[in-house]
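K.L.:
Quick one, structure for this:
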Amino acid sequence: MNVLSWNIRGISSAMPLLFHCCSTYRSSFLGILEPKTHFSGILSSYWRSFNFSPVHQNDRGRRSSNIWFFADHSLSPDVLFSSDQVVVIRCVIMGIDTTLAFTHASCNYIERRQLWLDIKPFIAGSFLMIGDFNSILGAHGRRGRRVPASTPCSEFHTFIENHDLIQPESSGPFFTWTDRRRFPSPIESILDRVLFSQNFSDIWFFSSILVLPRLGSDHSSIMLRCQDTASAPVCRRFRFLNMWCSHEDFLDQVRASWNIPIDSLCPLVRVMKKLKRLRSVLKAWNRDTFGNYNIALVELQQDLGSLQEGIDAHGYTSDFFDQEVALQAWIGTILMHKSDHLRQQSRISWLSDDDRNTRFFHSMVKWRRSDQSIKKLSIDGVILEDTDTMTAHVVDFYETLFSEPVSGLVDRSWISNYIPGSVSSAHSALLTAPSSAEDIRLVAFSMDRDSALGPDGFNEAFFQHS
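P.N.:
Okay, here's the model as predicted:
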């Protein structure tokens, strides 16, 4: 699902640019803000040329509409609410019920208070809000001669915080609006943005938010590109989970696998092969011991509910009490494992170990996965976006890189003749001396246990605990 919003500041002179933008960035939904003309003045064939059907134009009485909303002709959205500052629609996309709000907020922060009240009933489930908010969150959102007023910034921040909305990072220009004044007195601000609910983030795999260069308007157009989690790419590479260390059988599993001899004379080869074998052992052990903690939580909560219903009907007995305590303890253990797992994936190290902000960790995991994904490649000026084409090019590039003939290497040993000898013989001997077992142990145990995984999938927590 792609969503495009643009405060066009007059569509009559920007129709070629809009056609180019919509043709280049195929979208499911389009929101045009401040068209400054009557909708009937645009031929319907213009919208059909890029497969859009008009859905709604808000009614502002004698003033012309300032929000035009369009959808792909294959979709059938329903308008839930319309006002001077926002149009809210609901649409089923790929079987997912999603609420979208296109906003053109008032420049007056007193009037924007009504917008925050109007949108409140619709912030539930899979919710997305996009457009020109005409408000910033603080001094970092503006550059220029004017200092932003604190009250509008505070009210906008409160609106976002009270409804647990997420502000994803974007690529492209940092500021989305400028007053177009000449240097040295221009003002630039982040007025156009995307907000969505936690549920939206859970359902749709966030791909990218692209802020396009300003053309024909003092506002940048903003594009949200995302896909549902069912079709999102999933990495199956082995990853050591820190929560395994807390299980009483973990060291026995590691010891049993490690003690099986490997037929090799090279110590490094033996370690590599033992780690490779241990990966398979830990995968099978994790599947049998921990399983899917989300499914386990649902089943245990159902069992606990049934047990407590039996207690309500028959009263407490010794067996009921022991079963309830055991179920509650097991649910608590699984919640702790889930929190540890998400904390490790999010790579957040500045919260204390006692915090269990699972929702926050879950959001950070999604953002990290999105940031680490490759959306497009530029090859000799040609933009590649197809996944199969990009994969084939990357494989071909590295196969060529690592298969170059040795004769192609350049002898650079002459460089050493021009480097002064500032290290004494004693220091040189110390630096080149083989590392002792104690040196290696000190380095390994001084590293962050949640540091990045190695190519084999193991982190420092494994080596420190084992």
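K.L.:
Check the offset of the helix or strand Asn199 falls within from the chain's centre.
P.N.:
Using DSSP states H and E, the element containing Asn199 is helix 198-203. Chain-centre distance of helix 198-203: 11 Å, with C-alpha atoms, centre = their mean, to the nearest Å.
K.L.:
what's the answer for stretch 448-464, then?
P.N.:
With C-alpha atoms, centre = their mean, you get 23 Å for stretch 448-464.
K.L.:
list the contacts for Val86?
P.N.:
67, 101-105, 115, 118-119, 131 (C-beta atoms under 8 Å, 6 or more residues apart in numbering). C-beta here means a position set from N, CA and C on the backbone, and glycine is covered the same way.
K.L.:
hmm, try it at 6 Å
P.N.:
By C-beta atoms under 6 Å, 6 or more residues apart in numbering, the residues touching Val86 are 101, 103, 115.
K.L.:
And Thr178, by the same measure?
P.N.:
By C-beta under 6 Å, 6+ apart, the neighbours of Thr178 are 186, 188, 218.
K.L.:
Would you map the strands across the stretch 101-250 of the chain?
P.N.:
Per DSSP state E, counting those that start in this stretch, the stretch 101-250 of the chain carries strands over the ranges 126-132, 142-143, 177-178, 188-189, 192-196, 204-211, 222-228.
K.L.:
Just the mean pLDDT for the helix or strand containing Val298, thanks.
P.N.:
Per DSSP H and E, Val298 falls inside helix 293-314. Here helix 293-314 scores 79 as its mean pLDDT.
K.L.:
Can you name every helix or strand that that helix contacts?
P.N.:
Here helix 293-314 touches helix 318-346, going by 3 or more C-beta pairs under 6 Å, 6 or more residues apart in numbering; DSSP states H and E.
K.L.:
and Arg237, how far is that from Phe458?
P.N.:
Look at Arg237 and Phe458: by C-beta to C-beta, to the nearest Å, they are 12 Å apart.
K.L.:
Same question for Arg90.
P.N.:
From Arg90 to Phe458 the distance is 47 Å (C-beta to C-beta).
K.L.:
per-residue pLDDT, Asp132?
P.N.:
So, for Asp132, pLDDT stands at 95.
K.L.:
burial of the closest residue to it other than its chain neighbours, as a residue count?
P.N.:
Counting by C-beta to C-beta, 6 or more residues apart in numbering, Asp132 lies nearest to Asn7, which is 4.5 Å off, once chain neighbours are set aside. Residues contacting Asn7 under the criterion other C-beta atoms under 10 Å number 25.
K.L.:
Next, find the distance separating Asn7 from His104.
P.N.:
The spacing between Asn7 and His104, counted by C-beta to C-beta, is 7 Å.
K.L.:
okay, and the common contacts of the two?
P.N.:
33, 132.
K.L.:
How about stretch 438-450, which residues are buried there?
P.N.:
Across stretch 438-450, burial judged by 16 or more other C-beta atoms under 10 Å covers 449-450.
K.L.:
any idea which helix or strand comes after the helix or strand of the chain with the lowest mean pLDDT?
P.N.:
The weakest-scoring helix or strand in the chain, judged by mean pLDDT, DSSP states H and E, is helix 358-372 (a mean of 55). Next along the chain after helix 358-372, taking DSSP H and E as the criterion, comes strand 377-379.
K.L.:
Leaving out sequence neighbours, find the closest residue to Gly216.
P.N.:
Using C-beta to C-beta, 6+ apart and skipping residues adjacent in sequence, the residue nearest Gly216 is Ala14, 4.0 Å away.
K.L.:
any idea how far the closest residue to Arg113 other than its chain neighbours lies from Val87?
P.N.:
Leaving aside its sequence neighbours, Arg113 sits nearest to Glu155 (C-beta to C-beta, 6+ apart; 6.9 Å). Look at Glu155 and Val87: by C-beta to C-beta, they are 22 Å apart.
K.L.:
of these two, who's got more company?
P.N.:
Under the criterion of other C-beta under 10 Å, the comparison of Glu155 against Val87 puts Val87 first, with 25 against 15.
K.L.:
So that one belongs to a helix, correct?
P.N.:
No. Counting by DSSP: H, G, I helix; E, B strand; the rest coil, Val87 is not found in a helix; it is strand.
K.L.:
ok, it - contacts?
P.N.:
Neighbour list for Val87: 56, 58, 67, 69, 102 [criterion: C-beta under 6 Å, 6+ apart].
K.L.:
out of these, which are inside strands?
P.N.:
Of those, the ones assigned to strands by DSSP state E are 56, 67, 69, 102.
K.L.:
Among those residues, name the buried ones.
P.N.:
Those of those that meet the buried threshold are 56, 67, 69, 102, by 16+ other C-beta under 10 Å.
K.L.:
okay if I get these as TSV plus distance to Val423 and pLDDT?
P.N.:
Below are those laid out as TSV (distance: C-beta to C-beta, whole Å; pLDDT from 0 to 100):
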residue	distance to Val423	pLDDT
His56	74	92
Ile67	69	94
Phe69	70	92
Phe102	65	95
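K.L.:
Pick out the most distant pair among the residues you listed.
P.N.:
Maximum pairwise distance in these, criterion C-beta to C-beta, is 9.3 Å, between His56 and Phe102.
K.L.:
Overlap of the contact sets of these two?
P.N.:
Common neighbours of His56 and Phe102 (C-beta under 6 Å, 6+ apart) are 69, 87.
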